[in-house]
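Student: When you get a sec, could you give me coordinates for this:
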Amino acid sequence: MPIEAGNAVKPGPSRLVVGLRAACLALAALIAVSHFAFGATPKAVNFVPAPWDLLLHALLFGTIAFLANVGLGGGRPMAVFALACLIGSADEALQLFEPGRHADWSDLLADMLGALVGAFSARALLDHAPAG
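Tutor: Just a heads-up that it's a prediction; the model follows:
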């Protein structure tokens, strides 16, 4: 019985690709959790002086969003952006309860900008990557 083109089974991603995606998701989660853990210590107060702290916020959340979107195959930049914004909001909210820390709208904005760039950079990179 011949196989019709419409019924052909499409091969899924290779085991290597699946493993790399899982590693990216795990690394994104590890960075986010580590950020919360470090932020709760006294060493986090003025760790990087202003205005360079905003660059660090953007780089951190850009990295989290980039890795998360790579882990999801690059097709969900808005979902990853929204998740990163929630993480940034939670981080700023928790700082209200940490001695010596304070929530700052400019920090949240830097988080969001970094997450936006990171999430869409991953999509652009994967859109132009060879299939595999």
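Student: Could you double-check that L125 sits in contact with N69?
Tutor: No: counting by C-beta atoms under 8 Å, L125 does not reach N69; the two are 9.2 Å apart. Any C-beta I mention is one placed from the backbone N, CA and C, and that applies to glycine too.
Student: The two - which one has more neighbours?
Tutor: Set side by side, L125 and N69 show more neighbours around N69, with 31 against 13, by other C-beta atoms under 10 Å.
Student: And the top helix by length along the chain, what does it pack against?
Tutor: Selection of the longest helix in the chain by residue count, based on DSSP state H, yields helix 15-39. Taking 3 or more C-beta pairs under 8 Å, 6 or more residues apart in numbering; DSSP states H and E as the contact definition, the neighbouring helices and strands of helix 15-39 are helix 52-71, helix 77-95.
Student: Pick the most deeply packed of these.
Tutor: Mean neighbour counts were compared across the helices and strands packed on helix 15-39 using mean count of other C-beta atoms under 10 Å; the top stretch is helix 52-71, at a mean of 22.
Student: now for that one, which elements pack on it?
Tutor: Applying 3+ C-beta pairs under 8 Å, 6+ apart, one finds that helix 52-71 contacts helix 15-39, helix 77-95, helix 105-127.
Student: Other residues contacting stretch 15-29?
Tutor: Counting by C-beta atoms under 8 Å, 6 or more residues apart in numbering, the neighbours of stretch 15-29 from elsewhere in the structure are P13, T63, I64, A65, L67, A68, V70, G71, L72, G73, G132.
Student: For the residues you listed, work out which two are farthest apart.
Tutor: For those, the maximum inter-member distance is 24.6 Å, found between I64 and G132 (C-beta to C-beta).
Student: returning to that earlier point: kindly reformat the helices and strands packed on helix 52-71 as CSV containing mean pLDDT and distance to V48.
Tutor: What follows is those, written out as CSV (pLDDT from 0 to 100; distance: least, C-beta to C-beta, whole Å):
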stretch, mean pLDDT, distance to V48
helix 15-39, 93, 12
helix 77-95, 94, 15
helix 105-127, 93, 11
